[in-house]
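S.K.: got a sequence here, can you model it:
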Amino acid sequence: MNYLAHLFLSGNDHHVMIGNFIGDYVKGNRYDKYAPGIRKGILLHRRIDEFTDKHAVVKQSASMLYDHYGRYSGIITDMFYDHLLASGWEIYSDTDLSDFVSGVHKLLLHNYFKLPARVKGFLPFLIKNRGLENYKNISGLHRALTIMSNRSSLPAKTDVAIKILEENYEEFRNQFNTFFPEAIKMSEEFLRE
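M.R.: You can find the predicted model right below:
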């Protein structure tokens, strides 16, 4: 899953949220240099990624993209799932999405100097454009996919991805709503360990 889902699955511990947000940018055992709560968030991030990558429902979603995206189909699925979380936010949270995102922005800015350099590089742009919140709209998802394809090896087929999503929207929504409660349960169990 992508940033919004990782943040949501962190629970209410701010240090865990920071660690879960930066998880992709802390490789190997470099997490050892962080405070215990941030370390736990980094490890939660890894657990979420492993759980997601192996989940049969997520594999079904990714298979719908495979012909066009090949090995990148999982990344697109992650982005779709953040959109589906944001667009159905009220199913999973009593906190307004805008308020949640504003709180995350404040938390990350307050802890800016603890963040890896690559995160510091994109964070101002993410905040300015309210990228986490804008996932709820197809146009926001389109913009995020376009930016990602311009800055990485992700194939530049954003219009194809959006067309697949729109043509199979209910199927993706049902898959997400089957998968996400299991991800919540897994994350809660990890945080209790």
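
S.K.: check M79 and give its pLDDT.
M.R.: Per-residue confidence at M79 stands at 94 (pLDDT).

S.K.: after the helix or strand harbouring it, next one along is what?
M.R.: Taking DSSP states H and E as the definition, M79 sits inside helix 73-87. Remark: after helix 73-87, the chain's next helix or strand is helix 89-92, criterion DSSP H and E.

S.K.: which strands and helices sit next to the helix holding M79?
M.R.: Here helix 73-87 touches helix 3-8, helix 56-63, helix 66-69, helix 138-151, helix 158-167, helix 169-192, going by 3 or more Cβ pairs under 8 Å, 6 or more residues apart in numbering; DSSP states H and E. (Glycine included, C-beta is placed from N, CA and C.)

S.K.: got the contact list for it?
M.R.: Helix 73-87 is touched from outside by 1-5, 8, 52-53, 58, 61-63, 65-66, 69, 92, 97, 132-133, 135-138, 140-141, 144-145, 148, 154, 161, 165, 172-173, 176-177, 179-180, with contacts defined as Cβ atoms under 8 Å, 6 or more residues apart in numbering.

S.K.: just the buried ones from these?
M.R.: Neighbour counting over the contacts of helix 73-87 (16 or more other Cβ atoms under 10 Å) leaves 1-5, 8, 52, 58, 61-62, 65, 69, 97, 132-133, 135-136, 140-141, 144-145, 148, 154, 161, 165, 172-173, 176, 179-180 as the buried ones.
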